[in-house]
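1. structural data only, the sequence is not supplied:
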């Protein structure tokens, strides 16, 4: 029974080990465009850095809110004085070592400062909102980069398939020609020409595969995946290319982009923030009114008091005379006895309370306020130009994408006709080559023209699809196939 139990444990361990090795890493699956974009947004370092900037802006906004609250501070000191000094509690000279302790709490709040706190709070809120849109802008950039790399990978996949198909056609022709040469029905030179053509096409297959490997590597690097092992992507059906993707006009796309793109909103909030910065700078010319209060107490080792009833031996005139002309005498103490006043008594008796209003009027501060106002005005003008520049760049991008999409659509239509013609021409040339009516040079020329037509059609298709997707993206539509 014990042996069977051990066998069972071994079987379970082997099963779990195999199951663990069978688990695939994140890359070992077929990725769709949406999955690639989602993964990139979660793992992209630039996006994370942009999110940290947003967190920092939120902290700054919290600080601006805190400026409306009073500042409260507690202070304590414990010190020894050695040598002649005036004790602050007894107001007498002390020559011996004196222990002093001080405890107090103070509070201060700004009542008015030219509305700087209010404007600073509004400025920090605008900066926070702008930073949030900066994160969205970074995510859009990453999404477009991933979509570009994804389509480039699809293009190289199709290009590699075409190269392999052409090489297979030529390889079949080489086998056919070899049989004809062996049968004496064809010259050996024809076989050599076909073999040379096959070598060139095999080289093209290698180049196409290398381009595919590079495209896959670029895509995985955008996703921050460790390698391309087991990585593959979903190949959507992009055979149907229609003009419906260009249903919107450039003006409509631009207007939608202005309303949807985060870089525009970020620039607008940055302008609002710059406007409030001007108000904050102007507040530096205003008087500042504040209120402060404190509560404290302390202890001195030099504080003493007489013990018991005083004893006196004589009287001495103190310099005063009554209204009737009599001299006023004061008792003179003889050998009084003193003791240090305890901590608790001194902390109770030495309590000090204070409060007050303080008004500070700026008169001259070496042009600091003036230069701050000038800098804020310049930054506001710069923010206005940034909005104008952003909108102008979007307009250029939309017009360029629309022009490229139109050109790609026209090129696709022309390339489709050219490929159909080249396929018919090659089919006819191949038939004549098979019966010996044309030589290998004419055959290879016709085949190369057909291959180029296939490449042109493939390139035009992906150029059109990508530019059309960019136009959809500007209109707020998600990137997907």
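-> Ah, there it is. This is a predicted model, so every value here is computed, not measured.

2. which regions of the stretch 301-450 of the chain sit below the pLDDT cut-off?
-> Scanning the stretch 301-450 of the chain with the threshold set as pLDDT under 70 gives 306, 308-319, 328-336.

3. and what of the stretch 1-150 of the chain?
-> Applying pLDDT under 70 to the stretch 1-150 of the chain flags residues 1-28, 83-96.

4. so where do the strands sit in it?
-> In the stretch 1-150 of the chain, strands defined by DSSP state E, counting those that start in this stretch lie at 29-31, 71-81, 85-86, 93-94, 98-112, listed in chain order.

5. now these in a markdown table, with mean neighbour count?
-> Every residue, glycine included, has its C-beta placed from N, CA and C. Output for these, formatted as a markdown table (neighbours: other Cβ atoms under 10 Å):
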| stretch | mean neighbour count |
| --- | --- |
| strand 29-31 | 15 |
| strand 71-81 | 11 |
| strand 85-86 | 12 |
| strand 93-94 | 14 |
| strand 98-112 | 16 |
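
6. which one of these lies closest to residue 159?
-> Nearest to residue 159, of all these, is strand 29-31, at 19.7 Å by Cβ to Cβ.

7. ok, the closest one: who's next to it in the sheet?
-> strand 231-233 (parallel) (DSSP bridges).

8. for the strand it pairs with, which positions count as buried?
-> For strand 231-233, a neighbour-count test (16 or more other Cβ atoms under 10 Å) marks 231, 233 as buried.

9. identify the residues contacting the helix or strand following that strand?
-> Where DSSP states H and E defines the elements, the next helix or strand beyond strand 231-233 is helix 250-260. By Cβ atoms under 8 Å, 6 or more residues apart in numbering, the surrounding residues in contact with helix 250-260 are 248, 264, 391, 394-395, 398-399, 402, 471, 474-476.

10. list just the nearest of those residues to residue 272.
-> Taking Cβ to Cβ as the measure, residue 272 lies nearest residue 264 of the contacts of helix 250-260, at 13.1 Å.

11. gap between the closest one and residue 384?
-> Per Cβ to Cβ, to the nearest Å, residue 264 is found 13 Å from residue 384.

12. okay, the strands of the stretch 1-150 of the chain in JSON lines with distance to residue 307 next?
-> Supplementary listing: those in JSON lines, determined by distance: least, Cβ to Cβ, whole Å:
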{"stretch": "strand 29-31", "distance to residue 307": "92"}
{"stretch": "strand 71-81", "distance to residue 307": "25"}
{"stretch": "strand 85-86", "distance to residue 307": "25"}
{"stretch": "strand 93-94", "distance to residue 307": "20"}
{"stretch": "strand 98-112", "distance to residue 307": "20"}
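
13. now the buried members of the contacts of helix 250-260.
-> Neighbour counting by 16+ other Cβ under 10 Å classes 248, 264, 391, 394-395, 398, 402, 471, 474-475 among the contacts of helix 250-260 as buried.

14. would you list every one of the strands in the stretch 201-350 of the chain?
-> 231-233, 288-300, 304-306, 312-321, 327-333, 338-340.

15. residue nearest the centroid of the chain?
-> residue 50 (1.1 Å; Cα atoms, centre = their mean).

16. and it, what does it touch?
-> By Cβ under 8 Å, 6+ apart, the neighbours of residue 50 are 131, 134-135, 138.

17. now do residue 359
-> By Cβ under 8 Å, 6+ apart, the contact set of residue 359 is 287-289.

18. part of a strand, is it?
-> Yes - assessed with DSSP: H, G, I helix; E, B strand; the rest coil, residue 359 lies in a strand.

19. what is it paired to in the beta sheet?
-> Residues in beta-bridge contact with residue 359 (DSSP bridges): residue 289.

20. and the host helix or strand of residue 452, what does it pack onto?
-> Using DSSP H and E, residue 452 sits within helix 440-474. Where contact means 3 or more Cβ pairs under 8 Å, 6 or more residues apart in numbering; DSSP states H and E, helix 440-474 is packed against helix 116-182, helix 188-222, helix 250-260, helix 368-434.

21. closest to residue 293 out of those?
-> helix 116-182 (19.7 Å).

22. angle of the closest one against helix 440-474?
-> 160 degrees (axes from the mean of the first three to the mean of the last three Cα atoms, to 10 degrees).

23. so which elements touch helix 116-182?
-> Helix 116-182 packs on helix 33-43, helix 45-66, helix 188-222, strand 231-233, helix 262-282, helix 440-474, going by 3+ Cβ pairs under 8 Å, 6+ apart.

24. how does it look with 10 Å?
-> helix 33-43, helix 45-66, helix 188-222, strand 231-233, helix 262-282, helix 368-434, helix 440-474 (3 or more Cβ pairs under 10 Å, 6 or more residues apart in numbering; DSSP states H and E).

25. contacting residues around residue 275?
-> 119, 122-123, 126, 376-377, 379-380, 383-384 (Cβ atoms under 10 Å, 6 or more residues apart in numbering).

26. what do you get for residue 445?
-> By Cβ under 10 Å, 6+ apart, residue 445 lies in contact with 426, 429, 438-439.

27. how many other residues sit next to the nearest residue to residue 360 once chain neighbours are set aside?
-> Of all residues not flanking residue 360 in the chain, residue 288 sits nearest, at 4.4 Å (Cβ to Cβ, 6 or more residues apart in numbering). Using other Cβ atoms under 10 Å, residue 288 has 17 neighbouring residues.
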